[in-house]
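A.B. asks: Predicted model and sequence follow; I will ask about them next.
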Amino acid sequence: MVMANPSLLVESLFIIFLLPCLSSSCPEYQKQALLQFKSSVLAVDSFLSLDSWNSSSSSCCLWDMVTCSSPSNSTSSVVIELHLSNFFVGFMPSNLLAPLFFIRSLRVLDLSWNSINGQIPALGLGNLSNLVHLDLSWNSINGQIPALGLSNLSNLVHLNLRSNSMKGEIPPLGLGNLSNLVHLNLRENGFSGSIPLQLFQLKYLQYLDLSYNSLEGGLSPKVGSLQDLRLISLNFNRLSGELPEEIGNLTKLQELSLWGNKFSNGIPSSISYLRDLEQLLLANNSLSMEIPSEIGNLSNLFCLSLGKNKLTGGIPASMQKLNKLYSLNLEGNLLTGEVPFWLFDFKHLWYLSLARNNLTWNNNMKIVPKCMLSNLFLRSCGLQGEIPEWISTQMNLNSLDLSMNQLHGPFPQWLTEFHVLSLLILSQNKLSGSLPTALFRSSQLYTLALSHNNFSGELPENIGDAKLLRFLMLDRNNFYGPIPQSISQISGLELLDLSRNRLSGNIFPVFDHQVNLLYADFSSNQFSGEVPTTFPPNIQTLALGGNKFSEALPSNLTKLRNLRRLELQDNNISGELPSSLLQISYLQVLNLRNNFLQGSIPKTLSNLKNLRILDLSSNNLTGEIPIEFVNNLTGMIEAPPNRTSQTSNFVTAKSFTNGFSSTEYEVNELIVNWKKSKQGLSSHNLDMYFLLDLSNNQLSSEIPASLGALKALKMLNLSYNKLSSKIPTSLGDLQNVEGLDLSHNKLSGPIPTAFTKLQQLTTLDVSNNELTGRIPIGGQMNAMADPNFYANNSGLCGFQIHVSCPGDLPLAPKLQEHDNKEEPWILLEAMGIGYPIGFLLTIGNIFLAGYFNPSPPSNSCHRRHHPHRLIKQRI
C-alpha cells in the first residue's frame, strides 16, 4: 500500500479551501457603499452594532447580514442579499438608504421592522433592476409607491410593503411591469382608489393581500384570470358591488378573505369549484339571499365566516359534508328555521357562533355533541328552560354567550367547574337565585356579564378571588347588601356595572391606585352617606345617580383628576358647588340634577374647558348666571368636525371576543331632560351631544349675552327661574341648537328676530313670561306654531298663536252699514294664511278691546307651583 505524501495533501487542501476565499472579495465600490450606509446610520443611532462592517476587513462578503454570490471562472463575488431586518432602533430617515441603491447586483433587500420614515426614492429604487425580493414592511414609510422606480423591477417575485403609512392610488403602470410577481402584500396602509386592472394580468401571482386600506369600487371579473392564486385578502376596505362569478376560476385558491367591505347581493354559486379552499371569510359585508347549497362541496373548508351580513333562509343541509370544519360564524344575519343539531356532530368543531339571527331552538331535542367546543355563541337563539346540561360536556369552553334568550332557573354548579372559561355572558334572561362562590375561584375568568336577570342575594364575599376579571356587569338584578370589599383587589378591573339593584351601605371599597378601573356605575341603588371618593385616580366614568347620598360634595373629589363623566343626579346632596371642581380639568359630563345644592354658580366652573354636558337643574341655586361661567367653556363653543362614535372620548362599548365574534356591551345611557321629556343619550355617541340645563332653580337677573357664544349647544334650558330683562339677540347665534326653553321666567320685550337663524331648532318654549311684540317669521320659526309654547305672554302676537298684530287687520270703513252681508276679506301674513270673516272679526274685536289672553297649556301644572323641592323626581 502506497502512503500519501503529507506535504502534497496539505498543499491540495490549501488550493481547495483558500483560493476561493481569496477570490470572493466583493467589489470595492460595493464595500464603500455599505461603509457609507453604516456611517450615515451611526450618525443617527450611535449605539448601533455593525462591528463586522469595517474598512480593515478584506471582503464585505464576510460581514454580518451580507450575502455574496459564489465566484466563478469569469466573475468575482458580488453582494446579492442584504438582510437588515430589525437592526435599527429609532426612526431612520429614508434618505439614509441612498448608498444601498448603488449595489445594483442586489437580488434580496430586506429592510423590514426598522421604523424607516419618509418616501421611497424613485430613482434609487429603479437602479435595483436585479431585485427578486423586496421587503420594506413594518416601517413608517409615507407618500406614494414610486411608479417609475417600480416599473424597472421586472424581475421582482416578492414585494412586501405591509404596515406603513403609504397613500394614494396603487400605480397601475408600475404593477403592470412586474410580470414575474408571485407575492404582493400592501396590507395596512392608506391606499385609495380602485384595484388597478393591471394587477389581474400578473399570471404568476399566488399571494395577494390588500387588506386594511381605503380601496373603493368593485372586484373586477378579471380576478378570474389569476389562476395560480392561493390567497386573496381584501379585508376592511370600501369595496362594493357583487362578487363576480369568475371567482370560481381560482381553483387553486386556499383562502378567500373579503371581511369588512360593502359587497352585496348573493354569494356566487361558482364558489363550489374552489375545491382546495380552506378558509372562506366574507363577514361584515351586505351579502344577501340564501347561503348557496353548493357551499357543501368545499370539502377542504375548515373555517367559514359569513357573520354580519343580510343572509336569509336556513342553514343549508349540504353543510353537513364539511367534515373538516372547525370554525363556523353565521352571527348577525337574517337566518331562519331551526338550529340544525347536526352542527354538533362535526368532530373538529372548535368555534360556533349563531348569535343574533331569527333562528329557533328545538328545546325538546337531546344533543350529544361529538365536538369539543372552545367558543360557543348562541345569543338570541330562542333557548328556553334551564341552561342546557349538554354544555357541561364542553369542558374546554373558553367563551360562552347565551344572552338574550328565555333561560330561567339557578346558576348551575357545573358551570363553575370550567377551569379555562374566560368569557361568560348570560345577560337578558330570567335566571334567578344567588351566585355561587365557586364562580369567582376561576383563575381564567376575564369577562362576566349577568345583567338583566333576576339574580338576588348578597354578592359573594370572595368576588375578589377572580384576579383576572376586567369586565364585570351585574346590573339590573335584585342583589342587595353591601359591595364586597374584596372587589377592590381585582387590579385589572376596567369596567364595573352594579347599577339598578338594591345594594346599600355607606362604606365603599377602597381601590388601590394601581387598579385600572376606568368605568364604574353604581346608580339606582340605595347607597347613602357622603359621596364616595375611594376610587383609583385613573377612573374616567363614575355614575352614582339615583341613590341616597347626602351632605356636601367632598373636597377630595378632586383627586379623581381623570374623570370625564361624573353623574350624581337624583340624590340628596346639599351645600354649595365647590370651586375646586375646576381641578377635574378633563371633565366632559357633569350631572348634578335634582339635588339640594344652594348658593351661586361658581365663576371658576368656567375653567372646565372640556365640558360639553352640564346639568345643574332642579336644585336651589341662586344669583346670576356669571358671565365668566360661559366665556371659557370652549368644549361648548365649537363642536369638533366630523365627530363619530369611532372617535369617542368616553368609555362606551366593549367588544368581548376570542375569535370572529363580537359580543358587545354598551354602557348605560345618560338620562337628561331633552326637548321637554326625559331621554337617554346613548353612551356610544355621547360626545356628539352638547347640553346646558340650569332649569328649576332660583337664578335671577338677565340672561348673559355671552351664552350666544356656545355655538355647539344642541340643548339650552333656562326654564323655571327668575330671569328678567330682554332675551339677548345673541341667542340667535346658537347655530346647532335643537331645543331652547326659556319658559317660566320674567323675561320681557320681544322675541329676537335673530331666532329665524336657528335652522336646527325643533323645540322652542317661551311661555309664562312677559314678552311682547310680533313672534318672528321665517326659517324654523314658521314651524314653531304650538300656541302652548307662547302661552301667558299677554303682549305677543303672530300667526303662530292665531293672534293678529296691529296693522295686520285694516278695518274697512263703514263696516256697520253692511249689516249681515257676508263680504270676504283676507289677512295676509308672510305664510299666506287666510281666515274666514267671522273668525277674524271676532278675534280682531276681542284683541282690539284688550280682552285676549292666551290660556295656559293643559299640562302647565309643574312641580315649581308647589313649595320648592317637596317632591323629588326620579328617573
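C.D. replies: Good, I have the coordinates.
A.B. asks: going forward, measure contacts between C-alpha atoms and count neighbours the same way
C.D. replies: Noted.
A.B. asks: where does the protein dip in pLDDT?
C.D. replies: For the chain, the stretches with pLDDT under 70 are 1-24, 73-74, 629, 639-666, 675-676, 809-875.
A.B. asks: The same query, at a cut-off of 50, please.
C.D. replies: Applying pLDDT under 50 to the chain flags residues 1-23, 643-648, 650, 652-653, 655-662, 811-875.
A.B. asks: can you give me the helices in it?
C.D. replies: 6-23, 28-44, 122-126, 147-151, 172-176, 627-631, 634-637, 837-849 (DSSP state H).
A.B. asks: Do me a favour and get the end-to-end distance for stretch 432-442?
C.D. replies: Stretch 432-442 has an end-to-end distance of 21 Å (CA to CA, to the nearest Å).
A.B. asks: That one: how far from the chain's middle?
C.D. replies: Its chain's C-alpha centre and that of stretch 432-442 lie 32 Å apart, by CA atoms, centre = their mean, to the nearest Å.
A.B. asks: what does that stretch rub up against?
C.D. replies: The contact list for stretch 432-442, computed with CA atoms under 8 Å, 6 or more residues apart in numbering, reads 408-411, 413, 415-416, 419-421, 453-466.
A.B. asks: try 7 Å
C.D. replies: 408-411, 416, 419, 453-457, 460, 462-463, 465-466 (CA atoms under 7 Å, 6 or more residues apart in numbering).
A.B. asks: Stretch 381-389 too?
C.D. replies: 355, 357, 359, 360, 361, 363, 405, 406, 407, 408, 409.
A.B. asks: Any quick PyMOL command for the buried ones out of those residues?
C.D. replies: Here is the PyMOL command that selects only those of the contacts of stretch 381-389 that count as buried (16 or more other CA atoms under 10 Å):
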select buried, resi 355+357+359+360+361+405+406+407+408
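A.B. asks: now the contacts of stretch 381-389 as a markdown table including distance to residue 71?
C.D. replies: Output for those, formatted as a markdown table (distance: CA to CA, whole Å):
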| residue | distance to residue 71 |
| --- | --- |
| 355 | 64 |
| 357 | 67 |
| 359 | 70 |
| 360 | 72 |
| 361 | 72 |
| 363 | 76 |
| 405 | 73 |
| 406 | 77 |
| 407 | 76 |
| 408 | 79 |
| 409 | 80 |
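A.B. asks: Which pair of the contacts of stretch 381-389 spans the longest distance?
C.D. replies: 357 and 409 (24.3 Å; CA to CA).
A.B. asks: Skipping its backbone neighbours, what lies nearest residue 150 in space?
C.D. replies: residue 174 (5.2 Å; CA to CA, 6 or more residues apart in numbering).
A.B. asks: Tell me how many other residues surround the one you found.
C.D. replies: 20 (other CA atoms under 10 Å).
A.B. asks: What of residue 348?
C.D. replies: Using other CA under 10 Å, residue 348 has 17 other residues around it.
A.B. asks: Pull the contacting residues for residue 112.
C.D. replies: So residue 112 contacts 85, 86, 135, 136, 137, 138, 139 (CA under 7 Å, 6+ apart).
A.B. asks: quick one, strands of the stretch 501-650 of the chain?
C.D. replies: Along the stretch 501-650 of the chain, the segments classed as strands by DSSP state E, counting those that start in this stretch run 502-505, 519-521, 526-529, 541-543, 548-552, 565-567, 572-574, 589-591, 598-599, 613-615, 620-623.
A.B. asks: Report all helices and strands that the second one contacts.
C.D. replies: The contact analysis (3 or more CA pairs under 7 Å, 6 or more residues apart in numbering; DSSP states H and E) places strand 519-521 against strand 495-497, strand 541-543.
A.B. asks: Give me the contact list for it.
C.D. replies: Residues outside strand 519-521 that contact it (CA under 7 Å, 6+ apart): 494-499, 539-544, 651.
A.B. asks: which among the residues you listed gets closest to residue 259?
C.D. replies: residue 651 (26.2 Å).
A.B. asks: measure residue 52 to residue 81 for me?
C.D. replies: For residue 52, the distance to residue 81 - CA to CA - is 16 Å.
A.B. asks: These two: who's more crowded?
C.D. replies: Ranked by neighbour count (other CA under 10 Å), residue 52 and residue 81 place residue 81 first, with 22 against 13.
A.B. asks: any idea how far the more buried one is from residue 161?
C.D. replies: From residue 81 to residue 161 the distance is 18 Å (CA to CA).
A.B. asks: start to end distance for stretch 201-210?
C.D. replies: By CA to CA, one end of stretch 201-210 lies 16 Å from the other end.
A.B. asks: gap between it and the chain center?
C.D. replies: 33 Å.
A.B. asks: what's in contact with it?
C.D. replies: Under CA under 7 Å, 6+ apart, the answer for stretch 201-210 is 179-187, 226, 228-234.
A.B. asks: again, only this time at 8 Å
C.D. replies: 176, 178-188, 225-235.
A.B. asks: Please apply the same query to stretch 409-420.
C.D. replies: Against stretch 409-420 from outside (CA under 8 Å, 6+ apart): 385-387, 392, 395-398, 430-436, 438-439, 442-445.
A.B. asks: Pull out the buried residues from the residues you listed.
C.D. replies: Buried among the contacts of stretch 409-420 by 16+ other CA under 10 Å: 387, 392, 395-398, 430-436, 438-439, 442-445.
A.B. asks: Restricted to strands, list these.
C.D. replies: Among those, the residues falling in strands (DSSP state E) are 430, 431, 432, 433.
A.B. asks: re earlier: nearest to residue 750, of the helices and strands packed on strand 519-521?
C.D. replies: Comparing those by CA to CA, strand 541-543 comes nearest, at 41.4 Å.
A.B. asks: Show me what the closest one is packed up against.
C.D. replies: Counting contacts by 3 or more CA pairs under 8 Å, 6 or more residues apart in numbering; DSSP states H and E, strand 541-543 is packed against strand 519-521, strand 565-567.
A.B. asks: Work out the sheet partners of the first one and label each with its direction, please.
C.D. replies: Looking at strand 519-521 with DSSP bridges, its partner strands are strand 495-497 (parallel), strand 541-543 (parallel).
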